[in-house]
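Chemist: pasted the sequence and its predicted model underneath.
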Amino acid sequence: MNAGFSSGNMSLSMQQASVDYPVTFANTVGLFKPADVVLRGEGTDVAVLFVSSWGFEELCARKFWRLLAGDLAARGLPSMRFDYPGTGDAIDPVDDDNGLDLWLDSIRAAASKLRELSQARHLILVGHGLGALLAWKAAETMENVVGLALAAPALSGRHWLREFVALSRVANPDALQHRTPASGPAMGEQIFPDSLAASLRTVTLSASTRAPAPSILLLKQENRPADEQFANHLAALDVELRAQVFPDYNKFVRDVLFSVPSVRAIETLAGWAADVAAKHGDRNNTLRQDGFSELLIPQRLKGRGFQERPVRFGNHQRLYGIMCKPLGQRQGATVIVAPTGYERMSGWGRISAQMCRELARQGIASLRFDGANVADSPPAEGAPDQILYHASQLADVRAAVDFLEAENHLPVVVTGRCSGAWVAFKSAIKDPRIKGCVPVNIYDLYIPDEVDVNLFLRSTRQSLSGYGTKFMSGALWKRVMRGDVRVVSALCNLSKAFLGKAFSFLTPLSVKYPYFSDRARSLSSDFGKLAANDTKVTLIYSEGDAGFGMLERNFCGRGRLLRGPYGNPKIVTIPRADHNLTTAEAREAWTQEVSTVALQLQPKH
């Protein structure tokens, strides 16, 4: 999983690595990784452009791209990754009526930017999933593309659209329908554009009679006959073909939280790219150093009511973030959005990016970022591979507050979902500069240091009311019949919920006398520190969420025992909301609560 992946296998330096260079162009954001030899003014005239998929496939691949970029740089090859319009941290397009050309144009713009940065004449395109199909189509109209890597490619636009809808239900089985049911792929309120889908349905790679590059690498999905047929089709074309199975692909895209970047696939891609560069490129290319630093200064991007700037911060510039500000007068505190799990900072279905932009339209500045060893931020020196619910995440937030203090953007409100909610809560306890805290669907306010995080992540328990709601749901019983639900595990969790309810009569005593239990003592200390710092706290839960059951276990029904001795934290439940806040109404409720807290505080100018 992301949590268990050892970056040591990639022969990385033991010194703290920096974030790759953020760049802006064509209303989007990219990350440029120079070759390791660039500082000596040497290099090749071949560069590598990554072309991403969409949705949860793209979320899973983000860390994969970062690791691949590092391997390529060590082999002397610069690279860049970027976001399509309306995805990730890119600006939303004014309209998407151009269909597939909207994203193909962005690939060509990225290629142009990469050539400018790397001074390379030749390009290699590496596409994953839908990105492989788009890379092929873009390469057909580009010059000097010497290599094309197709990693688990979408061979038919129509088939990919249908498969994504099915796989997204597996990736987020408890998601609620958003207000307007999507006709195609969707992640929360991020909906695949209809015009793009319409043109995508007409594209089939197996119908191509000419390859757009002389060298092609095909990483096939195991036991997928269509990939074997496509390999045979490519073999009949006039190309230098290398075809093999994408190792451990199912572990790579099965789940954002437990995604395993395939080390063997990274080594295969990097080795193949180096071979292509050696054959087609000039290894003795001399790079111009004048003006290079200026090219790496990202410009501000402007959208409706906001402006954004990608930033690097922390020691050795180790963390990557996006500073989002209003176009007009700033008001209230600055909001830090703590990362959730191993999601990139834009969030599941762009939930974090969209919230930051809405806050800016209300005059509130914000910073969202990738924590260390998450997406585009490299691991922190000395931190474990599994960083969720670890103290190293609190150091990341502290670095974010330090950055905002240097930018004269105090005070701070910190918020986050799920594991990010734990990061927000614990950070507010430790840092007095944080004056507001809005955790969302935090599973438990008390997690012992010695907990086995891998088991903990798999043992989410519902509140009794949550179980009741699910038992009345026909969708649950369909999943049981299909074998998608681990019945024994569910029954164990249910029995634990009943036991917790049975012993809830002792809760008032443990809150009043928090001396005989580590849990009660820790919670009393945490909320006491927040009250002493006059930190405004709003705890948000989706109706029936497992975390709400744990809140009641700690502080009785609806957390009533929190009121009075601990500064009267506010508790909010969002009706008809799932854990990921899939619906627009749920996301709006979160944004409104964050805004309310932030606007109670005055910015320091």
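Modeler: Noted; the coordinates are in hand.
Chemist: every contact and neighbour count from this point should use C-alpha atoms.
Modeler: Will do.
Chemist: and the strands in the stretch 1-150 of the chain, which stretches?
Modeler: 21-25, 28-33, 42-43, 46-51, 79-82, 122-128, 145-151 (DSSP state E, counting those that start in this stretch).
Chemist: repeat for the stretch 501-605 of the chain
Modeler: 536-542, 570-574.
Chemist: select from the strands of the stretch 1-150 of the chain the stretch with the lowest mean pLDDT.
Modeler: Ranked by mean pLDDT, the strands of the stretch 1-150 of the chain end with strand 42-43 at the bottom, a mean of 60.
Chemist: winner for burial among the strands of the stretch 501-605 of the chain?
Modeler: Counting by mean count of other Cα atoms under 10 Å, strand 536-542 has the highest mean neighbour count of the strands of the stretch 501-605 of the chain, with a mean of 23.
Chemist: A586 - nearest residue in space that isn't next to it in sequence?
Modeler: Among residues not flanking A586 along the chain, A577 sits closest, at 5.8 Å (Cα to Cα, 6 or more residues apart in numbering).
Chemist: do F548 as well
Modeler: Per Cα to Cα, 6+ apart, closest to F548 is Y541, 6.1 Å.
Chemist: what's the answer for L200, then?
Modeler: G157 (4.9 Å).
Chemist: residues in contact with the one you found?
Modeler: 130, 133, 197, 200-204 (Cα atoms under 8 Å, 6 or more residues apart in numbering).
Chemist: any chance of TSV for those, columns pLDDT and secondary structure?
Modeler: Converted to TSV, those look like this (pLDDT from 0 to 100; DSSP: H, G, I helix; E, B strand; the rest coil):
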residue	pLDDT	secondary structure
L130	97	helix
L133	98	helix
A197	92	helix
L200	94	helix
R201	94	coil
T202	94	coil
V203	95	coil
T204	95	strand
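Chemist: so among these, which ones count as buried?
Modeler: 130, 133, 197, 200, 203 (16 or more other Cα atoms under 10 Å).
Chemist: tell me the spacing between the residue nearest the centre of the chain and G147.
Modeler: Nearest residue to the geometric centre of the chain (Cα atoms, centre = their mean): R344, 1.9 Å. Distance of R344 to G147, computed by Cα to Cα, to the nearest Å: 28 Å.
Chemist: before we move on, which element is Q307 in?
Modeler: strand 306-313 (DSSP states H and E).
Chemist: quick one: work out the angle between that strand and strand 28-33.
Modeler: 10 degrees (axes from the mean of the first three to the mean of the last three Cα atoms, to 10 degrees).
Chemist: and the next helix or strand past strand 306-313?
Modeler: strand 319-326.
Chemist: quick one: strands adjacent to that following strand?
Modeler: Strand 319-326 has the following sheet partners, assigned by DSSP bridges: strand 306-313 (antiparallel), strand 366-370 (antiparallel).
Chemist: can you redo those as CSV with mean neighbour count?
Modeler: Output for the strands paired with strand 319-326, formatted as CSV (neighbours: other Cα atoms under 10 Å):
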stretch, mean neighbour count
strand 306-313, 21
strand 366-370, 27
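Chemist: a markdown table please, covering the ones you listed and showing mean pLDDT and distance to L581.
Modeler: As requested, the strands paired with strand 319-326 are arranged in a markdown table below (pLDDT from 0 to 100; distance: least, Cα to Cα, whole Å):
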| stretch | mean pLDDT | distance to L581 |
| --- | --- | --- |
| strand 306-313 | 98 | 23 |
| strand 366-370 | 98 | 18 |
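Chemist: include distance to P565 when you put the ones you listed into TSV, please.
Modeler: As requested, the strands paired with strand 319-326 are exported to TSV (distance: least, Cα to Cα, whole Å):
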stretch	distance to P565
strand 306-313	37
strand 366-370	31
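Chemist: so for E116, which of those sits nearest?
Modeler: Nearest of the strands paired with strand 319-326 to E116, taken as Cα to Cα: strand 306-313 at 19.2 Å.
Chemist: okay, that closest one in PDB with CA atoms only?
Modeler: Taking C-alpha atoms only, strand 306-313 is exported to PDB below (Å, rounded to 0.1, in the frame of the first residue of the first chain):
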ATOM      1  CA  PHE A 306      -9.800  33.600  -6.500                       C
ATOM      2  CA  GLN A 307      -6.100  33.500  -7.400                       C
ATOM      3  CA  GLU A 308      -3.700  30.600  -6.700                       C
ATOM      4  CA  ARG A 309       0.000  30.100  -6.500                       C
ATOM      5  CA  PRO A 310       1.800  26.700  -6.200                       C
ATOM      6  CA  VAL A 311       4.400  26.900  -3.400                       C
ATOM      7  CA  ARG A 312       7.200  24.800  -1.800                       C
ATOM      8  CA  PHE A 313       7.900  25.100   1.900                       C
END
